[in-house]
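S.K.: mind folding the following:
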Amino acid sequence: EEKEEEEKEEEEKEEEEGGGSGGFFTAQFQAALQAALSRSDDEAPGPPAMPGPGPSSAAPAPTPLAPLRPADREVSKTVATLEEALAGSHMTLSRLQLVAGELKRLMEREKLQVQRLEFALEKAQADDAYYTTLRRMQEAGANSDWE
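M.R.: Sure thing, here's the model as predicted:
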């Protein structure tokens, strides 16, 4: 009787831990799920997860995960590192493209400013030449009137 009570308590504990879904979520499954989730958190972000039934839905019984061989683990770390580096490069490229676009807009505005300033300078030089000529003519006319 004591063994039966202990087994019932263990089953109730497993059901509480597994959300009471009829034994689909054993301690072994939860451990495997946590390991998989921690690995997926370490990898570069991929496409968003598809919406669908959550863990409380009726799913086939999980199979235990086989431990990775050391060679596979090295490949996984390499792949994860490369994926992370690639994601970082994509972000840097995006930022640089934004900066390049902003620089292009700034260059266009500065070119327009240069054109406006060149026009203003040419006009000022022409006006200066005109007024200098006018002053000389007035001085020449004033000198000839007094003589």
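S.K.: the host helix or strand of L37: what's the following helix or strand?
M.R.: Following DSSP states H and E, one finds L37 within helix 27-42. Per DSSP H and E, helix 27-42 leads on to helix 70-146 as the next helix or strand towards the C-terminus.
S.K.: report the rounded mean pLDDT for that following helix.
M.R.: In this model, helix 70-146 has a mean pLDDT of 89.
S.K.: between that helix and helix 27-42, how big is the angle?
M.R.: 30 degrees (axes from the mean of the first three to the mean of the last three CA atoms, to 10 degrees).
S.K.: buried set for the helix holding L37?
M.R.: Judged by neighbour count (16 or more other CB atoms under 10 Å), helix 27-42 contains these buried residues: 29-30. Bear in mind the C-beta positions are built from the backbone N, C-alpha and C, glycine included.
S.K.: quick one: average pLDDT of it?
M.R.: Helix 27-42 comes out at a mean pLDDT of 70.
S.K.: which elements pack onto it?
M.R.: For helix 27-42, the packing partners by 3 or more CB pairs under 8 Å, 6 or more residues apart in numbering; DSSP states H and E come out as helix 2-17.
S.K.: now the helix it packs on: mean pLDDT?
M.R.: Here the average pLDDT along helix 2-17 is 66.
S.K.: start the count at 45, not 1, going forward
M.R.: Got it, the first residue is 45 from now on, which makes the last one we talked about helix 46-61.
S.K.: run a quick neighbour tally on E127.
M.R.: E127: 15 surrounding residues under other CB atoms under 10 Å.
S.K.: could you do A186 as well?
M.R.: So A186, with other CB under 10 Å, has 10 neighbours.
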